[in-house]
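Colleague: After the sequence you'll find the predicted model.
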Amino acid sequence: MGIESKAGNLGVVTVGLEQAVNWARINAMWPMLFGLACCAIEMMSAQASHYDMSRFGMELMRASPRQSDLMIVAGRVSRKMAPVLRRLYDQLPDPKWVVSMGDCASCSGVFNNYALVQGVDEVVPVDVYVAGCPPRPESLIHGILTLYDKVRQEKLTTWA
Amino acid sequence: MQEPLEVNYQELQHLVSERALKGETVLLNMGPQHPSTHGVLRLLLELDGEVIINCIPDIGFLHTGIEKNMESKRWEMAEVMTDRTDYLNTTGNNLAYCLALERLAELDVPPRAQAVRVILVELERISNHLVWLGTHALDLAAMSMFLYCFREREAILDIKEMCSGQRMMTTYFRPGGLWRDIPAEFEIAVRRFIRMFPGRIKEYEALLKKNPIFMDRTRNIGKISAQDAINLSCSGPVLRGSGVAYDVRKAQPYSGYEQYDFMIPTGTHGDVYDRYQVRMEELRQSLRIIQQALDKLPYGPFRSNNRKYVPPPRAELGTSMEAVIHHFKLWTEGFTIPAGAVYQPVESPKGELGFYVESDGGNQPYRVHMRTPSFVHLQALPFMCKGHLVADLVGIIGSIDIVLGDCDR
Amino acid sequence: MSDEHLKLTLKALKDRFGIHESQFMKYPPTMEAGPEQIVGICKMLLDEFGFNFLCELTAVDYWPQEEPRFNIIYGFYSHAENERIAVRVPLKGDHPSLPTIEGIYHGANWHERELWDMFGIFFEGHSDLRRIIMPHDWEGHPLRKDYPLGYEEPQFTFNYDEIDQRKHHARYEEA
């Protein structure tokens, strides 16, 4: 129906602009290496061959913030590290998303004291919180897929 | 906030050489976020071209205030926090804490619990060395080692999960023994692992041991002599790589280690390659210990019967009044440890892990200090890396095997 | 077997410095010494008795008790004799100071920096005494007992509004 029937076999596909852009963003979202503590080990396990994250588009982790889209804050953020975290978040080019992995990043977990930032959302805006101490690699993947669902709903008005 | 995070110039003046002040050498910041620093470690390097003149570590980016936080929790709740210091050696940390409490309270541990503790701690040692090997090789550009090591590690995490329900932070060891008895599948899984693993070690050695690139990048790099290492309080594979055969499991055995027959591997030159060989041999020796412990695994209770510290089984609550009272007191107030202090050393995969526990007779720890090997070894880093290139520094950091959670607590 | 060596060491310490054993530490055997004696004790342990490995350097705060306020614990190990020994040094006052043993055991460097950072204990003669674990402009010494934990109150229904005003960004909202 529409243009496709008129174009016939020319190999033309029509799709909404929002859908196309969101599809492109989801299927090759590269995370930045921001593993801080124990959750980093589970993130590495999720990247390794048993719970492969590459099948969801996260082929490799870029160490440089300029070359990545997603920041998975994996681990506890101390007060000394908070300015560094904010600086790296500012260096990520748009579009950017943040996944707060683990209890310590979401709400400081077991440690309610002077040394930790009580939840990383005091420093950067977070899109998805993944709970667990540390969350299983399957939980992390579920969190990533939730983020994908969220990105799929994004509208032209938010990112234009 | 965009303010740069640096120490005042005047404060660091005494650490850099005069050439830096004249502008001849470059001060480079190998920042907290770096793929090769194994965590959030910041290094200030003074470079003459590519050669390192001085290296000033700046730690504290993962400081969690664990020691202070433990003072406001009860004894059994504080054990949860010990897992999270050195997160690659969680059972080892639990073991050190429980041993310190058992020494203070003079609590007995049944032999079955001791044997299971040894098996799980040795499995954790293998798991730690696998992560070390994977990340060390990844830094030296052997990327497939990372995937192989994490595949092996999944088998060990499955074993831990079947015992305690958690993959990493198990808190499975409690004062007096274990939290609950091991399931029936434990022995089958561990035997399958012991059968499969020696072949895998051969595969890893085939990839790396005689590899000319690996040997060029690790031989004669990061040398430290035995005298310097002892004076700098190094222990574990860093000290054994320099030729000193010191292992806390042999020197001051705990938890039944004196029954098992194993060797302590040492190196000769004290460089990165020797530390690699020491750790690879430790993998084999750990397998030997697990085999012996599993063969000798005795039947019996898995936790002490001292009801002041160990809750009674639920079936007893229906019949005995004392059991109800003990249960009530343990759940509302927790147990109290008699006043005193103890320093309990344990051999963690990274070195000598010591717990200094002081009690004032209450149900909360008065002071817990963890003498962690990573904190002490990082002091030795400036000695090891003077005169090397920046690319060698990556190999040296990998060979010391630091974990920043262990260092900063 | 090397109990002999340990007994000899303890006796020599008692004779030369006039110090006594502490009953408080259950393991390892501990002596209590004064702050001005510690450098002499360390030299003697290293040179004459072969305690060449410094395994522990930490402190305890006994606030509000003023006398002593702090207790520094040094732990030593001898590779040759396979023996452990410890020394406790009581200190008083809010700004105590102690001579450094960095020249004798190089491994004490960072331990003493950590004690300065966490407890405020000043080490005279240390080459580089600055904060190591806390940010360089932090005020206060966190592990002292009069320093607050920094506990943040969790949000329940009875204080929902009061915490919501402070932390509105942490509100749970449906996506």
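Modeller: That came in fine, so what should we check first?
Colleague: And the pLDDT at B:P4?
Modeller: On the pLDDT scale, B:P4 is placed at 41.
Colleague: B:F328 now?
Modeller: Reading off the model, B:F328 has pLDDT 91.
Colleague: which residues are contacting the helix or strand where it lies?
Modeller: Applying DSSP states H and E as the criterion places B:F328 in helix B:321-332. Residues from elsewhere that reach helix B:321-332 (CB atoms under 8 Å, 6 or more residues apart in numbering or on different chains): B:307-309, B:311-312, B:316-317. To be clear about C-beta, it is placed using only N, CA and C from the backbone, and glycine gets the same treatment.
Colleague: Just give me how far that helix sits from the chain centre.
Modeller: 35 Å (CA atoms, centre = their mean, to the nearest Å).
Colleague: next structured bit after it?
Modeller: strand B:340-348.
Colleague: Now do the very next helix or strand once past that following strand against strand B:340-348, angle only.
Modeller: Tracing the chain C-terminally past strand B:340-348 and defining elements by DSSP H and E, one meets strand B:351-359 next. Interaxial angle, strand B:351-359 versus strand B:340-348 (axes from the mean of the first three to the mean of the last three CA atoms, to 10 degrees): 160 degrees.
Colleague: Against which helices or strands is strand B:351-359 packed?
Modeller: helix B:90-105, helix B:237-240, strand B:340-348, strand B:367-371, helix B:373-385, strand C:53-61, strand C:70-78 (3 or more CB pairs under 8 Å, 6 or more residues apart in numbering or on different chains; DSSP states H and E).
Colleague: what's the model's confidence in that strand, averaged?
Modeller: For strand B:351-359, mean pLDDT is 91.
Colleague: Using PDB, write out every CA atom in that strand.
Modeller: The C-alpha coordinates for strand B:351-359 follow below in PDB (Å, rounded to 0.1, in the frame of the first residue of the first chain):
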ATOM      1  CA  GLY B 351      49.200 -11.800  48.900                       C
ATOM      2  CA  GLU B 352      48.900 -11.700  52.600                       C
ATOM      3  CA  LEU B 353      45.400 -10.500  53.700                       C
ATOM      4  CA  GLY B 354      45.300  -9.600  57.300                       C
ATOM      5  CA  PHE B 355      42.200  -8.700  59.400                       C
ATOM      6  CA  TYR B 356      42.800  -6.800  62.600                       C
ATOM      7  CA  VAL B 357      39.600  -7.100  64.600                       C
ATOM      8  CA  GLU B 358      39.100  -5.400  68.000                       C
ATOM      9  CA  SER B 359      36.100  -6.000  70.200                       C
END
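Colleague: Strand C:53-61 and that one, what's the angle between them?
Modeller: Using the same axes, to 10 degrees: strand B:351-359 against strand C:53-61 is 30 degrees.
Colleague: gap between the two ends of stretch B:64-83?
Modeller: Counting by CA to CA, to the nearest Å, you get 13 Å between the two ends of stretch B:64-83.
Colleague: ok so, going back, do you know which of the helices and strands packed on strand B:351-359 lies nearest chain A?
Modeller: Checking these against chain A by CB to the nearest CB gives helix B:90-105 as the closest, at 8.5 Å.
Colleague: What helices and strands are in contact with the very next helix or strand once past that closest one?
Modeller: Using DSSP H and E, the helix or strand that follows helix B:90-105 in sequence is helix B:111-139. Applying 3+ CB pairs under 8 Å, 6+ apart, we find helix B:111-139 packed against helix B:90-105, helix B:143-164, strand B:177-178, helix B:185-208, helix B:272-295, helix B:390-400.
Colleague: rewinding a little: buried ones in the helix holding B:F328?
Modeller: B:323, B:326-327, B:329-330 (16 or more other CB atoms under 10 Å in any protein chain shown).
Colleague: CA-only coordinates of it in PDB, if you can.
Modeller: Extracted in PDB, the C-alpha atoms of helix B:321-332 (Å, rounded to 0.1, in the frame of the first residue of the first chain):
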ATOM      1  CA  MET B 321      12.800 -23.500  75.400                       C
ATOM      2  CA  GLU B 322      16.500 -22.700  75.400                       C
ATOM      3  CA  ALA B 323      16.500 -23.000  71.600                       C
ATOM      4  CA  VAL B 324      13.800 -20.400  71.400                       C
ATOM      5  CA  ILE B 325      15.600 -18.000  73.700                       C
ATOM      6  CA  HIS B 326      18.900 -18.400  71.800                       C
ATOM      7  CA  HIS B 327      17.100 -17.900  68.500                       C
ATOM      8  CA  PHE B 328      15.400 -14.800  69.900                       C
ATOM      9  CA  LYS B 329      18.600 -13.300  71.300                       C
ATOM     10  CA  LEU B 330      20.600 -14.000  68.100                       C
ATOM     11  CA  TRP B 331      18.000 -12.400  65.900                       C
ATOM     12  CA  THR B 332      17.300  -9.300  68.000                       C
END
